[in-house]
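1. The sequence and its predicted three-dimensional model are supplied below.
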There are 2 protein chains.
Amino acid sequence: MTGRVPLYQAKAEFFRMLGHPVRIRVLELLQDGPMPVRDLLAAIEVESSNLSQQLAVLRRSGIVTATREGPTVVYALAGGDVAELMRAARRILTEMAAGQAGLLAELREAEASAS
Amino acid sequence: MTGRVPLYQAKAEFFRMLGHPVRIRVLELLQDGPMPVRDLLAAIEVESSNLSQQLAVLRRSGIVTATREGPTVVYALAGGDVAELMRAARRILTEMAAGQAGLLAELREAEASAS
DNA sequence: ACAGAAGTTGAAAAATTCTGCAACTAGCGA
DNA sequence: TCGCTAGTTGCAGAATTTTTCAACTTCTGT
């Protein structure tokens, strides 16, 4: 019923949706609970219309919800464990950094003993 | 030493790197162990040069390694738990799908009782 | 040395995404 | 009702990414 998109493509779209610094920061901020746009804006430093665009991307994807409360709009994580995803990402990123440090060390050695 | 990029930006780049169907499929295939390009190519159906480009993206990011073995090049996951990341993504994706299904149900009800 | 298989690379064209401006809607208080 | 605050939307130009084609490198068998 819902589009019938192959899973790997849905995943790719999902990750692509995450692939923007402002959107990452929004998701991280929302992990501490719902937050009005005003506060996001204060925390993130980006033009208000740009933030709106990025929020729209998140909304469309369904990962956050927006509800109007009087004059302000409050955003919240729609579902679950974004935190876990971020943790997994950070772990891999850390490993990769370590790997590259290792590689750099190797390169330095190779250079030192270069003929 | 390494560029000094804010973490949220590193994360965004990481997720962006994941945001392509071919790259997702490669990473999923490599979870079962190292694999020569030939086999990836057979599994994925995409032009060979296109696959190469995507493999280059993965290589540059450091998430996979390539080693030449005679005439073939074998790719492998560089480090750790890509599997866990994929699981986390699938969980969220599933939740979101459920959420949307729920929303659709609500909309249908609203429609049914529309004045 | 030559031919063929396996991949990679460079570059240009095509497609997508991002940014910022201007215009616009919604709610609230005077 | 007017004006202000809070956000969103449409859109054009800029920047990135994706795709493809042609050329190129390596390695192996003969």
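-> Perfect, thanks for sending it.
2. what about the strands in chain A?
-> A:35-36, A:64-69, A:72-77 (DSSP state E).
3. Pull the contacting residues for the closest residue to A:Leu18 other than its chain neighbours.
-> Once flanking residues are discounted, A:Leu18 sits nearest to B:Phe15: 3.9 Å by C-beta to C-beta, 6 or more residues apart in numbering or on different chains. For the C-beta atoms, the positions are set from N, CA and C on the backbone; glycine is no exception. By C-beta atoms under 8 Å, 6 or more residues apart in numbering or on different chains, the contact set of B:Phe15 is A:Phe15, A:Arg16, A:Leu18, A:Gly19, A:Ile24, A:Ala89.
4. at 6 Å instead, please
-> The contact partners of B:Phe15, by C-beta atoms under 6 Å, 6 or more residues apart in numbering or on different chains, come to A:Phe15, A:Leu18, A:Gly19.
5. A:Met96 contacts B:Gly62, doesn't it?
-> Yes: contact criterion C-beta atoms under 6 Å: A:Met96 and B:Gly62 qualify, at 4.5 Å.
6. Model confidence at the residue positioned nearest the centre of chain A, what's the number?
-> Nearest to the mean C-alpha position of chain A, counting by C-alpha atoms, centre = their mean, stands A:Ile24 at 2.8 Å. A:Ile24 carries a pLDDT value of 98.
7. Quick one: neighbours of A:Asp39, just the number.
-> 14 (other C-beta atoms under 10 Å in any protein chain shown).
8. who in chain A is up against chain B?
-> Proximity of chain A to chain B, by C-beta under 6 Å from any C-beta of the partner chain, involves residues A:8-12, A:14-16, A:18-21, A:24-25, A:62, A:78-80, A:84-85, A:88-89, A:93, A:95-96, A:99-100.
9. List only those of those residues flagged as buried.
-> For the residues of chain A next to chain B, a burial check counting by 16 or more other C-beta atoms under 10 Å in any protein chain shown picks out A:8, A:10-12, A:14-16, A:18-21, A:24-25, A:62, A:78-80, A:84-85, A:88-89, A:93, A:95-96, A:99.
10. Which members of the contacts of B:Phe15 additionally contact DNA strand D?
-> Contacts with DNA strand D within these, as defined by C-beta under 7 Å from any atom of the strand: none are present.
11. now, which of these lie within helices?
-> A:Phe15, A:Leu18 (DSSP state H).
12. Reformat the contacts of B:Phe15 as JSON lines; add distance to B:Thr72 and pLDDT.
-> Formatted as JSON lines, the contacts of B:Phe15 follow (distance: C-beta to C-beta, whole Å; pLDDT from 0 to 100):
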{"residue": "A:Phe15", "distance to B:Thr72": "29", "pLDDT": "98"}
{"residue": "A:Leu18", "distance to B:Thr72": "34", "pLDDT": "98"}
{"residue": "A:Gly19", "distance to B:Thr72": "31", "pLDDT": "98"}
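13. No further queries at this time; thank you.
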